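K.L.:
Build the 3D model from these lines:
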Amino acid sequence: MPVLRLIFLWHQHQPFYKDLVTGEYRLPWVRLHALKDYYGMVKLLDEFPNIHQNFNLVPSLITQIQDYVAGTAQDPFLNVAAKPANDLTQKERLFALQYLFQANPVNVIGRYPRYRELYERYREHGFSPEKAERYFLARDFTDLQVLSQMAWFDEFFLEDKEVATLIRKERNYSLDDQTFVIARERELLAKVLPAYAGAAKKGSIEISATPFYHPILPLVCDTNAGAISAPGLPVPQNRFRHPEDAREQLLRALTLHQQVFGVRPQGIWPSEGSVSEEVLAIAHGLGIKWMATDEGVLGRSAGVFFARDGNGRLPADLARRLYSVHRYENGATSMHLVFRDHTISDLIGFVYSGMNPAEAAEHLLRNIKEAAQPVLAQGRDAVVSIILDGENAWEYYPKSGREFLRRFYDAVQREPGLESLTIAETIARDRNISPLRSLVPGSWINANFNVWVGPPEDNRAWDYLYHAREFYAQNSARASEAARKLAFEEILIAEGSDWNWWYGPEHHSANDRDFDELYRKHLSNVYQALGAMPPDSLAQPITAGEVRPEFAPQTAYIHPRITGDKIRYFEWMGAAMFRADQRAGAMHGKQFLLDSVYAGIDSEYVYGRLDFAGAVPDIECDLVVNLEAWAIGETHPRRALRLDAKVEERKLVEWKVDGREELSVALRQVSPKQQQQEARVALLRSFEFRLPLAWLLASPMSPQSQQKPMVTTIAPTRQVKLRFSLWHNRLPVDALPVEGWIELELLSEAEMGAGM
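P.N.:
Numbering: from 1, shown residues only. Predicted structure coming up:
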């Protein structure tokens with residue numbers, strides 16, 4: 001019987017945050033993710049002995065973890081978290097407010113009531129450290145210092161008796177508590193790398209590597225490779241071409257893995273899945289047996305496009321191409337290649353976090369089986385490769401997604417004819433390896449390198465790197481061995497992909513300027529190490545500036561007509577507005593279908609409007625609005641409603657409101673007159689609705705108001721919260737806001753007009 005072989009490769013990576021000259025870590029993410037994700041992801045497999053997986057550990061991540069374990073990492077974030085609150089300077093207090101809330105507000109901060117309380121206080125002052133600082137007492141800072149660290153503790157670490165006791169305490173932490181948490185961090189960090197070594201030794205995982213500082217190897221070999229993948233793409237003024245650096249990055253990676261884990265890796269996940277024939281030749285020369293990349297690279301190399309049907313399935317011939325191990329052979333170079341299923345991998349990264357864990361696990365298993373079925377039906381074994389970040393997705397899941405993973409792993413173990421294997425195990429068992437004679441250069445993102453080269457910011461960064469590399473070549477021979485070694489190390493660091501990830505139009509984070517400054521600092525260190533002044537250009541930012549999601553609160557009552565025609569701009573003036581940031585976050589691949597949302601109230605209704613990123617999507621979908629009414633002093637919503645509108649062929653087919661049986665309505669069952677009197681929903685160029693506030697047991701009448709309330713039984717309420725989402729094939733594919741809610745204060749018209 002044919003077998004379905006499932007490959008999971010979790011890619012564990014953080015940029016190199018350390019300044020080699022000062023020894024300081026610019027950002028804390030190595031430490032925090034090592035506390036939360038890296039340990040738990042591999043430790044979880046102890047519960048599932050038949051689940052074998054690949055973990056890809058970037059060498060520069062490994063060395064940074066080692067630095068923290070040794071106690072030699074100088075981390076200003078950790079220093080501020082560890083310092084007694086009474087001793088914090090004003091500058092440190094502002095630093096704490098700016099950086100200790102940098103976590104998912106729902107699943108990390110929101111998990112701890114006191115942390116959430118402090119976050120809300122900070123948010124109420126516009127996320128401005130300067131405005132909020134006066135409202136935080138010493139005891140508030142102590143609680144913030146303790147909780148901002150424990151919130152990142154892994155689920156396994158939370159089971160520790162002393163840690164659990166501290167969490168139950170919830171607030172009013174002491175200096176002893178603070179000291180305990182900081183000391184425990186180092187103990188927990190020391191468990192991470194041994195956990196991987198132990199799992200590899202017993203055969204439950206295969207550890208693969210990435211070039212040392214995570215460079216895009218094809219571009220390090222030749223920046224003109226960007227124009228091969230994307231003809232017409234602007235390339236840097238100065239052609240960077242250093243295949244010897246690419247080889248050095250790979251060789252160092254293999255050597256470090258041998259030292260840390262006692263085994264030389266057989267395989268490589270090249271940074272961002274970036275491959276070229278030149279890179280394969282270098283890797284082959286170093287004894288690497290396999291590499292992995294994305295289906296898009298295979299498609300371009302084979303001259304096909306992996307087009308799926310409405311259910312996400314490939315036709316039989318394309319499924320057979322994708323769901324197999326390939327062997328590239330060209331001259332003296334040979335390499336086994338596996339290609340990730342882009343669609344299924346992205347479901348884990350972007351979709352399942354919005355679903356019930358049991359339903360998500362069942363959907364994932366069914367998806368994998370259905371995807372492979374056309375291959376199995378031909379009597380051939382199928383190999384489905386799922387490859388994604390092993391850290392970034394889990395902040396969007398409750399409790400780091402452990403329930404979802406446990407349910408899925410358990411289902412895989414019990415599924416007949418399904419094997420979860422390492423890549424080396426899969427290659428050894430595969431009977432149908434497919435030949436591949438040529439390879440088009442590309443990455444996992446659109447099978448090109450456009451994220452890292454082409455836009456002005458990216459090309460300027462490459463030009464600065466070119467000049468630093470040329471300066472090194474011309475001047476290093478005259479420098480001491482130590483200076484020469486430091487300068488070259490800084491060049492290798494600057495070749496990393498992470499700097500250009502944040503340049504250009506694609507990605508954005510609250511730390512954009514930190515990345516920009518750190519990149520220019522690495523290049524400046526090259527010149528300084530060789531006894532020269534850095535060029536003035538490195539003193540100027542490369543990034544054009546931050547782009548943040550736009551948000552504005554409601555400032556006046558609104559009374560829009562509900563027609564779905566967004567040209568009536570003035571009718572929505574005064575509404576709360578939230579606009580998506582389409583450079584939102586570290587993960588690439590999120591599908592943006594929604595552009596902005598508007599919401600507001602008047603004395604009787606709550607109104608909402610959703611604008612799309614382009615035309616109304618030409619797919620069968622559901623537009624969902626979740627609404628919650630919150631009463632003063634209560635910890636749970638007084639009433640929660642769900643407006644669900646079904647769309648087919650870009651037209652509204654039906655809608656209903658769930659949350660209370662007598663409120664459920666269907667468009668076909670409600671007369672126009674009834675709609676006008678109560679609820680109304682419309683879709684044209686935008687999606688718009690209005691619902692009676694009474695359905696939410698809500699009223700804008702303030703306690704001081706002398707007016708008679710509409711409904712005498714309505715309890716005093718503080719706000720209505722709204723969240724919009726678009727669902728396709730019963731999966732949430734986009735939402736606004738991505739995190740949290742739009743909040744409408746239930747004020748009278750006079751109070752709102754007065755800006756209260």
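K.L.:
Using PDB, list the CA coordinates for stretch 641-655.
P.N.:
What follows is stretch 641-655, C-alpha atoms only, in PDB (Å, rounded to 0.1, in the frame of the first residue of the first chain):
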ATOM      1  CA  LEU A 641     -23.500  39.100  19.100                       C
ATOM      2  CA  ARG A 642     -22.200  37.700  15.800                       C
ATOM      3  CA  LEU A 643     -23.400  39.200  12.500                       C
ATOM      4  CA  ASP A 644     -22.700  36.700   9.800                       C
ATOM      5  CA  ALA A 645     -23.200  37.800   6.100                       C
ATOM      6  CA  LYS A 646     -22.900  35.300   3.300                       C
ATOM      7  CA  VAL A 647     -21.400  36.600   0.000                       C
ATOM      8  CA  GLU A 648     -21.600  34.800  -3.300                       C
ATOM      9  CA  GLU A 649     -20.500  36.300  -6.600                       C
ATOM     10  CA  ARG A 650     -19.700  39.500  -4.800                       C
ATOM     11  CA  LYS A 651     -23.400  39.800  -3.700                       C
ATOM     12  CA  LEU A 652     -25.000  39.600  -0.300                       C
ATOM     13  CA  VAL A 653     -27.000  36.400  -0.200                       C
ATOM     14  CA  GLU A 654     -28.200  36.300   3.400                       C
ATOM     15  CA  TRP A 655     -27.300  37.400   6.800                       C
END
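K.L.:
got the buried residues for it?
P.N.:
Buried residues in stretch 641-655, defined by neighbour count with 16 or more other C-beta atoms under 10 Å: 641, 643, 644, 645, 646, 647, 652, 655. C-beta: built from backbone N, CA, C; applies to glycine.
K.L.:
Next up, phi/psi of the third one, please.
P.N.:
Right, residue 644. phi -120, psi 120 (degrees, to the nearest 10).
K.L.:
Please apply the same query to the fifth one.
P.N.:
Phi and psi for residue 646, reported as degrees, to the nearest 10, are phi -90, psi 130.
K.L.:
rewinding a little: any chance of the buried residues of stretch 641-655 in CSV, plus secondary structure, distance to residue 75 and pLDDT?
P.N.:
Putting those into CSV (DSSP: H, G, I helix; E, B strand; the rest coil; distance: C-beta to C-beta, whole Å; pLDDT from 0 to 100) gives the following:
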residue, secondary structure, distance to residue 75, pLDDT
641, strand, 45, 91
643, strand, 46, 93
644, strand, 47, 93
645, strand, 48, 94
646, strand, 51, 94
647, strand, 49, 94
652, strand, 53, 93
655, strand, 51, 93
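K.L.:
Identify the farthest-apart pair in those.
P.N.:
The distance between the two most remote of the buried residues of stretch 641-655 (C-beta to C-beta) is 19.2 Å, for 641 and 647.
K.L.:
can you give me the end-to-end distance of stretch 394-406?
P.N.:
Terminal residues of stretch 394-406 lie 14 Å apart, using C-alpha to C-alpha, to the nearest Å.
K.L.:
mean confidence score for that stretch?
P.N.:
The pLDDT scores in stretch 394-406 average 95.
K.L.:
and what of stretch 232-244?
P.N.:
Mean pLDDT, stretch 232-244: 96.
K.L.:
contacting residues around it?
P.N.:
Applying C-beta atoms under 8 Å, 6 or more residues apart in numbering, the contact partners of stretch 232-244 are 219-224, 226-227, 278, 282, 448, 450, 453-455, 459-460, 462-463, 465-467, 469.
K.L.:
please redo it, this time with the cut-off set to 10 Å
P.N.:
For stretch 232-244, the external contacting residues (C-beta atoms under 10 Å, 6 or more residues apart in numbering) are 215, 217-227, 248, 278-279, 281-282, 448-450, 453-456, 458-467, 469-470, 473, 491, 495.
K.L.:
on that earlier part again, let me know the closest of the buried residues of stretch 641-655 to residue 618.
P.N.:
residue 647 (9.7 Å).
K.L.:
Ignoring the adjacent residues along the chain, who's closest to the closest one?
P.N.:
residue 621 (5.1 Å; C-beta to C-beta, 6 or more residues apart in numbering).
K.L.:
who touches the one you found in this structure?
P.N.:
The contact partners of residue 621, by C-beta under 10 Å, 6+ apart, come to 593, 645-648, 650, 726-729, 731, 733-734.
K.L.:
ok, now residue 141?
P.N.:
So residue 141 contacts 80-81, 83-86, 88, 92-93, 96-97, 100, 118, 133, 178 (C-beta under 10 Å, 6+ apart).
K.L.:
Of these, which pair is most distant in space?
P.N.:
Across the contacts of residue 141, the longest distance by C-beta to C-beta is 19.4 Å; it joins 133 and 178.
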